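Participant: just the structure for this:
(one chain, ligands or ions: 1)
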Amino acid sequence: MATEPVDLTAADLHPALGDPALTSMNFLNEVSERYPAAVSLAAGRPYEEFFDLAAVHRHLDTFHRHLVDDLGHQPEQARRLLLQYGRTKGIVHHLIARNLAVDEGLTVDPEDVVVTVGCQEAMFLVLRALRAGPADVLLAVAPTYVGLTGAARLVDLPVWPVAGGPSGVDLADLAAQVRRARAAGLRPRACYVMPDFANPSGVSIDTAHRQRLLDLATQEDLLLLEDNPYGLFHSDDGPRPPTLKALDTGRRVVYLGSFAKTVLPGARVGYVVADQRVAGPDGRVGPLADQLAMIKSMVTVNTSPIAQAVIGGRLLEHGCSLVTANTRERSAYNRNLRHLVAGLARRFPDRPGVVRWTVPAGGFFVVVTVPFPVDDALLDRSARDYGVLWTPMAHFYDDTAPVCALRLSVSAVTPEQIDVGLDRLAALITDELTRRAG
Ligand SMILES: Cc1ncc(COP(=O)(O)O)c(C=O)c1O
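Facilitator: Here you go, the predicted structure:
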C-alpha cells in the first residue's frame, strides 16, 4: 500500500483542530455533498431565490454616491475608500449606528462599532480579547451555536454550558455556574446568549426575563455577549421585544450583528458594538471596540470595503431599516415555519408525546425530539436511504452525551421541498420506532 509522505502530525498543531466543534461544519457539508439529491432541512442559509446580482452593483453605486453627495468626499477619495486598504474599524459604521437607531431604538456611537468579516470574526475578536489567562472561562447558553464554541477553542477559552430551558436562559443555573467557576478559582468573563429565535433551539427570551438577565449580569459583574442574526424574522405583527443592548444601561452587553441573513451571506459582513470603557496601559480610556480593532488589524486587517459598500448601499436604499428591506424575506420564512410546523402535526397525529417539536415565534429553526438518540450515523442513513438532511442536536452540545433531538431549518427551502423532506423524515422516524420496538 502506498503511503503518503507526512511532514507534520496533527498532534503538533493547535489542539482545537481535532475538536468536534471545528469538524462539525465540515462533516455536515460533506454529508450534503455526498447526497446532492437529498432535500436539505439542515442548512441555515438564506433563501437563494432572493439573491440578485444586479442589486449588488446598484448597492455599490448607491454607497459611492453617498460618499460623494452626503459625506462630501472628492470622487478620487471615494474611489480610494472603496478600493484601497482602509480603516480597521470599517467604513459603514455610521450606517450601522443609524440602522440600530431605526430598527432597534438603540443609540450607538459609531466609534464603538467594529465592522467585521461576518459575525464569526466579531465573536473571535471578542473571545480573543476576553481570554487574558488560563483562569478565564466563557459561559454559554446550551445548546450553543457551534461557531461560538469553535472560536472559543481556537483562543483556548473553555466554554461552560448554562441551561437554556423554556425561558431561553435558566438564571438560577447561570448564577450557580458563575459561583461554581469562581469557587474553582476561575474567572467567568461573559455569558453568550441569543435572545431572539436562538440557533439551534428557536427559543426566545421575553422582555421581563431579559431585564432579569441584565440584573443578574450586573449583580455578578458579568458581560453578556448578545448574538442576534434572526431577530427580524418574527412571525407576529406586534412589537418585537427590545434587544438586551437596548435595555442595557450599564454597558454590560457586547452586541454581535450579522448581515448574512438580512442582506447577503456572500458579502461576509458583520459587526460588533463594544462600548465598554477600557483603561489602557497609559491610563487613556477608550472603547473596547478599539482593542478589538487592534486584534482585527492582525487577523483580517480590515473588512473588504467593497463588501461593506454593498451592505451600506442596501441600508441606504431602505432608509437604513433592515425591517423594511426584509419584508419579503420575513414573510417567506414565516410562511415556511408555519408550513413546517403544520406538516409535522399532520405527519405525527397519533404519536402525542413520542415525537415532539417546538413551535417558535420566528427565526429559521424547529427542534424535533424523538425517543431515540440522534447521531451522525443516523443522519448518514437518513441522507442515503431516505433522501433528507437535518442537523443532529448533539452538534450543539459540548459533550458526548446522547441527544434525542434534531434541528430542522426552513430558510433555504420551498414549501414543496418541506413537504417532500417531511414525508421522508416521517418515514425515517416511523421505521426507526418500529425497528426499536421490534
Ligand atoms: C447564531 C449565529 N451567530 C453567528 C453566525 C455567523 O454569522 P456570519 O455569517 O455573519 O459570520 C451564525 C450563522 O449561521 C449564527 O447562526
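Participant: residues in contact with the closest residue to the ligand within the chain?
Facilitator: Of all residues in the chain, the one sitting closest to the ligand is residue 118 (2.6 Å; CB to the nearest ligand atom). Bear in mind the C-beta positions are built from the backbone N, C-alpha and C, glycine included. Contacts for residue 118 (CB atoms under 8 Å, 6 or more residues apart in numbering) come out as 258, 260, 268-270.
Participant: which ones among those also lie next to the ligand?
Facilitator: 258, 260, 270 (CB under 6 Å from any ligand atom).
Participant: on that earlier part again, which one of the contacts of residue 118 has the most neighbours?
Facilitator: residue 269 (29 neighbours; other CB atoms under 10 Å).
Participant: for the stretch 201-350 of the chain, what lies in contact range of the ligand?
Facilitator: Neighbours of the ligand within the stretch 201-350 of the chain, by CB under 6 Å from any ligand atom: 227, 229, 258, 260, 265, 270.
Participant: most widely separated two among these?
Facilitator: 227 and 265 (15.6 Å; CB to CB).
Participant: tell me which of the two has more neighbours.
Facilitator: residue 227 (27 against 17).
Participant: could I get the phi/psi values of the more buried one?
Facilitator: phi -110, psi 120 (degrees, to the nearest 10).
Participant: name whatever forms a beta bridge with it.
Facilitator: On the basis of DSSP bridges, residue 227 takes part in beta bridges with residue 256.
Participant: what about residue 157, neighbour count?
Facilitator: Residue 157 - counted by other CB under 10 Å - has 20 other residues nearby.
Participant: state the pLDDT value of the closest residue to it other than its chain neighbours.
Facilitator: Once flanking residues are discounted, residue 157 sits nearest to residue 131: 4.2 Å by CB to CB, 6 or more residues apart in numbering. Confidence at residue 131, expressed as pLDDT, is 98.
Participant: now swap in residue 72 and tell me
Facilitator: So, for residue 72, pLDDT stands at 98.
Participant: how close does it get to residue 98?
Facilitator: In this view, residue 72 and residue 98 are 17 Å apart by CB to CB, to the nearest Å.
Participant: so for those two, which sits in the more crowded spot?
Facilitator: Set side by side, residue 72 and residue 98 show more neighbours around residue 98, with 18 against 9, by other CB under 10 Å.
Participant: so how far is stretch 163-172 off the chain centroid?
Facilitator: Centre-to-centre, stretch 163-172 and its host chain are 18 Å apart (CA atoms, centre = their mean, to the nearest Å).
Participant: kindly report the same for stretch 142-162.
Facilitator: 12 Å.
Participant: next one: stretch 24-40
Facilitator: For stretch 24-40, the distance to the chain centre is 20 Å (CA atoms, centre = their mean).
Participant: can you tell me what sits against it?
Facilitator: Applying CB under 8 Å, 6+ apart, the external contacts of stretch 24-40 come out as 42-43, 146-147, 150, 376, 379-380, 383-384, 387-389, 391, 395, 412-413, 417, 420-421, 424.
Participant: do that again at 6 Å, thanks
Facilitator: Contact with stretch 24-40 is made by 146, 383, 387-389, 395, 417, 420-421, as judged by CB atoms under 6 Å, 6 or more residues apart in numbering.
Participant: farthest-apart pair in these, please.
Facilitator: Maximum distance among the contacts of stretch 24-40 (CB to CB): 26.8 Å, for 146 and 420.
Participant: which of these two has more neighbours?
Facilitator: Counted by other CB under 10 Å, residue 146 and residue 420 do not tie: residue 146 has more neighbours, with 22 against 15.
Participant: how much space between the nearest residue to residue 120 once chain neighbours are set aside and residue 34?
Facilitator: Once flanking residues are discounted, residue 120 sits nearest to residue 147: 5.5 Å by CB to CB, 6+ apart. For residue 147, the distance to residue 34 equals 23 Å [CB to CB].
Participant: these two: which is more packed in?
Facilitator: Ranked by neighbour count (other CB under 10 Å), residue 147 and residue 34 place residue 147 first, with 19 against 11.
Participant: that one should be in a strand, yeah?
Facilitator: No. Read with DSSP: H, G, I helix; E, B strand; the rest coil, residue 147 is helix and lies in no strand.
Participant: could I get the pLDDT score of it?
Facilitator: pLDDT recorded at residue 147 is 96.
Participant: ok, it touching residue 119?
Facilitator: No. Counting by CB atoms under 6 Å, residue 147 stays clear of residue 119, with 8.1 Å between them.
Participant: show me where the stretch 251-400 of the chain has strands.
Facilitator: Counting by DSSP state E, counting those that start in this stretch, one finds strands in the stretch 251-400 of the chain at the ranges 253-258, 270-273, 277-279, 285-287, 356-357, 365-369, 388-389, 391-392.
Participant: for those strands, give me a markdown table that also has distance to residue 103.
Facilitator: As requested, the strands of the stretch 251-400 of the chain are arranged in a markdown table below (distance: least, CB to CB, whole Å):
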| stretch | distance to residue 103 |
| --- | --- |
| strand 253-258 | 11 |
| strand 270-273 | 13 |
| strand 277-279 | 26 |
| strand 285-287 | 22 |
| strand 356-357 | 30 |
| strand 365-369 | 22 |
| strand 388-389 | 33 |
| strand 391-392 | 29 |
